[in-house]
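Requesting a structural model of the entry that follows:
(one chain, ligands or ions: 1)
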Amino acid sequence: MPIHTKSIKIFAPATVANLSCGFDVLGCCLDTVGDEMVISISSTPGTRITKIEGANLPLDTKKNVAGVAVEALLENYDSEIGVEIEIYKKIKAGSGIGSSAASSAGAVWAVNQLLGGPFTHQELIAFAMKGEKLASGNAHADNVAPALMGGFTLVRSYTPLDVIKLHTPQDLMITVIHPLIEVKTSDSRSVLKQKVMLKKAIQQWGNLGGFISGLYTEDYDLIGRSLEDVIIEPLRSILIPEYDNVKQAAIAQGALGCGISGSGPSIYALSKGADTAEKVANAIREVYKKTAVSFDIHISKINTQGIKII
Ligand code: ADP
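Residues are numbered from 1 along each chain as shown. So this is what the prediction gives:
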């Protein structure tokens, strides 16, 4: 039996990536939904996943994103240590709210804490991205970055990796509906085109700039005007039942904007204030109640802290 020398329990939050105008570069962190994990340093070298509750996911270190991310960290750490991981899954896999990212970011964040913090956020993001590569075939950072850093994050560059934490306006709230159908990130990536028309690119980067400016100036109207996606949404929204009706209902109740969360099927809406976020939730619930699809709804403040010890 390996002897645990140190152990911590953490909350690894859900995240919403892309935020309409920032495909693969923008993301934000939630605080009312997330996984719990217990991470221990042990006397026996190697990484082991000893327990998973709440989901049917592989215990094999090489097939679980948490194991892959920790192995990437340990390859860059000179002493031979062991790591044991328990995962208590609350975020459903394939939800589009960063289920895999919570596990990979949570695991490397916790190991870094237990080792006394030898790695920077940028380094932890790079390790966690190895987990994302396993989950979706693509080493994207737009979920792991907000999970690790909290708030809104921008991946300014992938090579070299340069991730920036952005300002969070005080009253910004997010409502998420997760239709319980599985859309694999790998599948929703396959519907994308590899080429973009210049006209559409201009619209998209105008909106991305507008969105970031809106965050810093706390200009909620500007944030709303910028939540537009002319490149990805038209291709991906067809995979999501009732997408247009949900969007219409959210905007009618005062949401600043509404779009696909990550690769879907979850849909997010940003609102100013808790009352509006609640009204938006009620309106989109009514849309989905008329369908045969089961769903979860989450309402959350933007979590500016990210992963934390509990
Ligand atoms: P999400 O956007 O919700 O993270 P993805 O499709 O990107 O969904 O990732 C889910 C995929 O990653 C599933 O195929 C799942 O089996 C795999 N996976 C491996 N380890 C984990 C883990 N610890 N947590 C969640 N998903 C995992």
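
which non-adjacent residue is nearest Met37?
In space, and not counting its chain neighbours, Met37 is closest to Gly106: 4.9 Å by Cβ to Cβ, 6 or more residues apart in numbering. All C-beta atoms are positioned from the backbone trio N, CA, C, and that covers glycine.

List the residues that contact the one you found.
Gly106 is in contact with 10, 12, 35, 37, 39, 66, 147, 307, counting by Cβ atoms under 8 Å, 6 or more residues apart in numbering.

try Thr276
173, 253-255 are the contacts of Thr276 under Cβ under 8 Å, 6+ apart.

Pick out the most distant pair among the residues you listed.
Met173 and Gln253 (12.4 Å; Cβ to Cβ).

Between these two, tell me which one has more neighbours.
For Met173 versus Gln253, neighbours defined as other Cβ atoms under 10 Å are more numerous around Met173 (22 against 19).

Near the ligand, which residues of the stretch 51-200 of the chain are found?
57, 64-66, 87, 93-101, 103, 135-136, 184-185 (Cβ under 6 Å from any ligand atom).

Take these and keep only those in strands.
Ile87 (DSSP state E).

ChimeraX command for the buried members of the residues of the stretch 51-200 of the chain next to the ligand?
Listed next is the ChimeraX selection for buried residues among these, using 16 or more other Cβ atoms under 10 Å:
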select :57,64,65,66,87,94,95,96,97,98,99,100,101,103,135,136,185
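
out of the residues of the stretch 51-200 of the chain next to the ligand, which are inside helices?
65-66, 99-101, 103, 135-136, 185 (DSSP state H).

Show me where the stretch 101-250 of the chain dips below the pLDDT cut-off.
Flagging of the stretch 101-250 of the chain using pLDDT under 70 yields the residue ranges 185.

now the helices for it?
Counting by DSSP state H, counting those that start in this stretch, the stretch 101-250 of the chain has helices at residues 121-136, 144-149, 185-190, 198-217, 220-226, 233-236, 243-252.

tell me the most buried of the ones you listed?
Mean neighbour count, computed with mean count of other Cβ atoms under 10 Å, is highest for helix 144-149 among the helices of the stretch 101-250 of the chain, reaching a mean of 32.

Centre of the chain to that helix, how far?
Distance of helix 144-149 from the chain centroid (Cα atoms, centre = their mean, to the nearest Å) equals 8 Å.

Give me the contacts around that helix.
Helix 144-149 has contacts (Cβ under 8 Å, 6+ apart) with 12-13, 15, 17, 27-29, 98, 101-102, 104-106, 108-109, 121, 124-125, 128-129, 131-132, 152-153, 155, 163, 165, 306-307.

Kindly recompute the last result at 7 Å.
With contact meaning Cβ atoms under 7 Å, 6 or more residues apart in numbering, helix 144-149 is reached by 12-13, 15, 27-29, 98, 101-102, 104-105, 109, 121, 124-125, 128-129, 132, 152-153, 155, 163, 165, 306-307.

likewise stretch 132-140?
24, 65, 68, 100-101, 104, 129-130, 144, 185-186, 189.

Show me what the biggest strand by length in the chain is packed against.
Criterion DSSP E: the longest strand present in the chain is strand 26-42. Applying 3 or more Cβ pairs under 7 Å, 6 or more residues apart in numbering; DSSP states H and E, we find strand 26-42 packed against strand 4-17, strand 82-88, helix 99-114, helix 144-149, strand 152-157, strand 295-301.

immediately after it, which helix or strand?
Heading C-terminal from strand 26-42, the first helix or strand you meet, by DSSP states H and E, is strand 46-53.

May I have that following strand exported as CSV, CA atoms only?
Output of strand 46-53 as CSV, limited to C-alpha atoms (Å, rounded to 0.1, in the frame of the first residue of the first chain):
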residue,chain,number,x,y,z
GLY,A,46,4.0,6.8,-10.8
THR,A,47,0.5,8.3,-11.4
ARG,A,48,-2.6,6.3,-10.4
ILE,A,49,-6.3,7.0,-10.6
THR,A,50,-7.7,5.2,-7.6
LYS,A,51,-11.3,6.2,-7.7
ILE,A,52,-13.9,7.7,-10.0
GLU,A,53,-17.5,8.4,-8.8
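
How far does it sit from its chain's centre?
When C-alpha coordinates are averaged (Cα atoms, centre = their mean), strand 46-53 and its chain have centres 22 Å apart.
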